[in-house]
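Asker: Just a sequence and a predicted model for now, questions to come.
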Amino acid sequence: MTGARRSQGPLLSFTKMHGLGNDFMVVDAISQPFRLRPEMIRKLADRHFGVGFDQLLVVEPPGLPDVDFRYRIFNADGSEVEQCGNGARCFARFVRDQRLTNRRVIRVQTAGGVIELRVGREGWVTVNMGVPELNPAAIPFAADERQVVYPIDVDGQSVELSAVSMGNPHGVLLVDDVDKAPVETLGPLLERHPRFPARANIGFLQIIDRGRARLRVFERGSGETLACGTGACAAVVAGQLRGLLDNQVRITLPGGDLVIEWQGEGAPVMMEGPTARVFDGQIRLPAEPNQRRRNRRPSGRQPERRSPGNR
Ligand SMILES: N[C@@H](CCC[C@H](N)C(=O)O)C(=O)O
């Protein structure tokens, strides 16, 4: 075996999926060992030198009673996050396609809490995303008291946003036209604004009528994506609290439509949308640093045999 061959790590099987163009690398970490390091995730996320994805989804055995799986979510920048709406739908389809479960209603533990997924026909999945959190300290968002909209200074101007947690933090701004919204400029500045101590996903919401809206989202740790499920939920909550939207809203993102339903304060947000499986693949991971050290032996020298005498 050559030195280069020896420094290679394990072969990892994965599935590439997307929900409205928000794309994922999905890894079954029940059937194969998988160790995560942020720099490895960043390499895999690279669209030129890696697999390319907005989020990595990792399926693990549950750590709680009455739950079917644990599901971990990593942004393209390697950060682990609490929740992912489009990812939750793809996760549900993945565990059924892989025959890891035959249930149609699946309870999943995420870092943002337990959510329930209902698998419908033709890849459609409905997700109970839980009750939105509006208390600023819990979002987390720096404010003295809860308000529907908060003025916030950014880039030398004052803008108004609503702050909502769907397990993960969101800021939602109202705009007249999403096509002209300052997503590329204000998105990254608000994502890292000091009033969002855990950073945030930033949504730009355009109301069409009481039952229809358009949305673009600059995602924390991934940049603007073609769709953000939790962003759509947060936007509908913000729009309803402002008195602009009804309980059920069809929300159009650059990658397609989601239907979001919220019956108001104290109720969970329901999200319905499609999933797509793109391809199955395998990738050779780099060796772990300690494995590389073990493999690096001076040429010609044989590994030392361990016997009770030289232990
Ligand atoms: N694309 C997701 C959200 C993924 C996590 C987000 N970027 C965060 O950091 O909270 C969705 O569909 O909800």
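Answerer: Ah, there it is. Numbers count the residues shown, from 1 in each chain.
Asker: so what's R277 up against?
Answerer: Counting by C-beta atoms under 8 Å, 6 or more residues apart in numbering, R277 makes contact with 15-17, 93-94, 97, 123. In short, each C-beta sits where N, CA and C put it, glycine included.
Asker: Of the residues you listed, just say which sits nearest to the ligand.
Answerer: Using C-beta to the nearest ligand atom, M17 comes nearest to the ligand of the contacts of R277, at 12.0 Å.
Asker: give me the beta-bridge partners of that closest one?
Answerer: F24, R277 (DSSP bridges).
Asker: What are the boundaries of the strands in the stretch 201-311 of the chain?
Answerer: 201-209, 212-219, 223-225, 248-253, 256-262, 269-273, 276-286 (DSSP state E, counting those that start in this stretch).
Asker: do you know which of those strands lies nearest the ligand?
Answerer: strand 212-219 (3.7 Å).
Asker: tell me the angle the closest one makes with strand 201-209.
Answerer: 170 degrees (axes from the mean of the first three to the mean of the last three C-alpha atoms, to 10 degrees).
Asker: Show me what strand 212-219 packs onto, helices and strands only.
Answerer: Using 3 or more C-beta pairs under 8 Å, 6 or more residues apart in numbering; DSSP states H and E, the elements in contact with strand 212-219 are helix 183-191, strand 201-209, strand 223-225, helix 229-241, strand 248-253.
Asker: and the helix or strand hosting V27, what other elements does it pack with?
Answerer: Using DSSP states H and E, the element containing V27 is strand 22-28. Contact here means 3+ C-beta pairs under 8 Å, 6+ apart; on that basis strand 22-28 packs against strand 8-19, strand 55-60, helix 85-97.
Asker: near the ligand at all, it?
Answerer: Yes. Counting by C-beta under 6 Å from any ligand atom, the ligand is contacted by strand 22-28 at N22.
Asker: What of stretch 44-52?
Answerer: No. Stretch 44-52 lies apart from the ligand when judged by C-beta under 6 Å from any ligand atom; the minimum separation is 12.0 Å.
Asker: Can you name the residues of the protein sitting close to the ligand?
Answerer: So the chain meets the ligand at 22, 54-55, 75, 81, 84-87, 168, 201, 219-222, 225, 228-230 (C-beta under 6 Å from any ligand atom).
Asker: circling back: Serialize the contacts of R277 to a markdown table and add fields for pLDDT.
Answerer: A markdown table is the format used below for the contacts of R277 (pLDDT from 0 to 100):
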| residue | pLDDT |
| --- | --- |
| T15 | 98 |
| K16 | 98 |
| M17 | 98 |
| R93 | 97 |
| F94 | 98 |
| D97 | 96 |
| G123 | 90 |
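Asker: most neighbours, which of those residues?
Answerer: Counting neighbours by other C-beta atoms under 10 Å, M17 leads the contacts of R277 with 26 neighbours.
Asker: Give me the number of neighbouring residues for D144.
Answerer: Count around D144 with other C-beta under 10 Å applied: 6.
Asker: residues touching the closest residue in space to A45 that isn't next to it in sequence, list them.
Answerer: Ranked by C-beta to C-beta, 6 or more residues apart in numbering and with sequence neighbours excluded, the top spatial neighbour of A45 is A76, at 3.8 Å. Counting by C-beta under 8 Å, 6+ apart, A76 touches 41-42, 45, 53-55, 221-223.
Asker: To F49, which of the strands of the stretch 201-311 of the chain lies closest?
Answerer: F49 lies closest to strand 276-286 among the strands of the stretch 201-311 of the chain, at 11.4 Å (C-beta to C-beta).
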